[in-house]
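Participant: build me a structure from this.
(chains A and B)
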Amino acid sequence: GAVVSQHPSWVICKSGTSVKIECRSLDFQATTMFWYRQFPKQSLMLMATSNEGSKATYEQGVEKDKFLINHASLTLSTLTVTSAHPEDSSFYICSARPSVGTDTQYFGPGTRLTVL
Amino acid sequence: GDSVTQMEGPVTLSEEAFLTINCTYTATGYPSLFWYVQYPGEGLQLLLKATKADDKGSNKGFEATYRKETTSFHLEKGSVQVSDSAVYFCALSDYRNSGNTPLVFGKGTRLSVIA
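Facilitator: This next block holds a predicted model:
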C-alpha cells in the first residue's frame, strides 16, 4: 500500500513551453501533497505545499506564477512549469501524506525535466 | 526552526562492513523521525521510522533508535551489501503541530559499498 505515482517519469521540452507533471496517490487519499526539487547530488528543496481544494503554499523564493500547482482531488496534484527555461531543468519529486492516521509521507518516483 | 544534521558523505565501505550514519535534530515540538533511501534515478523510499522516545525503527537489516536525551536517530546496519549503495536522508516531521507540516530533511549521505 501507500503508493505514489508521477507522470511523466522524464520529459524533454523546448525553452518557452509549459510542462505539466502529475502526482497521484494510488491507494489512499491525501489532503496534503508536497512538491520538491532536487539538483544533482543535493538534498530535496521544498517548493510548495499543496492542499486539496485550496491554494498551494509556496516556499520563499519559489515563483508561484512559474510553478503552478493544482490539487483538484484527494488523489491528484499537478505541477505545471510555465515558460520553462534551461535553469528549470531538474528532478521534481512529489510526496503525499495520507489524510488519516499517519505522519508518514510517501514519495513518488520523480520526474526528470530537461529544458533545451 | 526545526532542523536535521547528518554526517557528510560520501561514505565508502566494503561489503559486510558495519554502517553508522549519524543524524541529530533540533525541534521545538515532539517530532517523528524517519530515514528515507534514494537509489540512483529514483524517488525516496521510506526505510524506517520512529514516533516516540526509545522507539526503534527497523527494516531490511537497518535500525535506528529515537534518542530524545541526545536528540539523535543514528542509522546502523551490521553488514552492508553492494545493493545498499544509495543516498540516505534523515528527516523529521512535527506533524502534531500541523497536518500541513512538511518533512525537514538532512542533506543526505551517499553510501557506496564495494565488493
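Participant: going by C-alpha atoms from here, please, whenever you check contacts or count neighbours.
Facilitator: Fine.
Participant: around chain A, pick out the residues from chain B.
Facilitator: Listed as neighbours of chain A in chain B under the rule C-alpha under 8 Å from any C-alpha of the partner chain: B:32, B:42-46, B:93, B:95, B:99-100, B:102-103, B:105-108.
Participant: report the residue spans of chain A with pLDDT below the cut-off.
Facilitator: Residue ranges of chain A with pLDDT under 70: A:1.
Participant: what helix or strand is the residue in it that chain B sits nearest to on?
Facilitator: Here chain A gets closest to chain B at one residue, A:Pro109, 3.9 Å apart by C-alpha to the nearest C-alpha. Counting by DSSP states H and E, no helix or strand carries A:Pro109.
Participant: please report the distance of the nearest residue to it once chain neighbours are set aside from B:Pro31.
Facilitator: Nearest non-adjacent residue to A:Pro109, counting by C-alpha to C-alpha, 6 or more residues apart in numbering or on different chains: B:Gly43, 3.9 Å away. According to C-alpha to C-alpha, to the nearest Å, B:Gly43 stands 23 Å off from B:Pro31.
Participant: before we move on, the earlier item: give me the neighbour count for the residue nearest to A:Pro109.
Facilitator: When neighbours are counted by other C-alpha atoms under 10 Å in any protein chain shown, B:Gly43 registers 21.
Participant: report the contact partners of it.
Facilitator: B:Gly43 sits next to A:Ile93, A:Phe107, A:Gly108, A:Pro109, A:Gly110 when contact means C-alpha atoms under 8 Å, 6 or more residues apart in numbering or on different chains.
Participant: what residues does chain A put near chain B?
Facilitator: By the rule C-alpha under 8 Å from any C-alpha, the part of chain A lying against chain B is A:32, A:34, A:42-44, A:49, A:93, A:103, A:105-110.
Participant: now with 7 Å, please.
Facilitator: Neighbours of chain B within chain A, by C-alpha under 7 Å from any C-alpha of the partner chain: A:Thr32, A:Gln42, A:Ser43, A:Ile93, A:Asp103, A:Phe107, A:Gly108, A:Pro109, A:Gly110.
Participant: hang on, the third one packs against B:Thr109?
Facilitator: Right, A:Ser43. No - at 9.3 Å, A:Ser43 and B:Thr109 do not qualify as touching, with contact defined as C-alpha atoms under 7 Å.
Participant: and for A:Val100, the neighbour number?
Facilitator: Neighbour count for A:Val100, taken as other C-alpha under 10 Å: 11.
Participant: over to B:Asn59?
Facilitator: Counted by other C-alpha under 10 Å, the residues lying close to B:Asn59 total 12.
Participant: A:Ala48 now?
Facilitator: A:Ala48 is flanked by 25 other residues according to other C-alpha under 10 Å.
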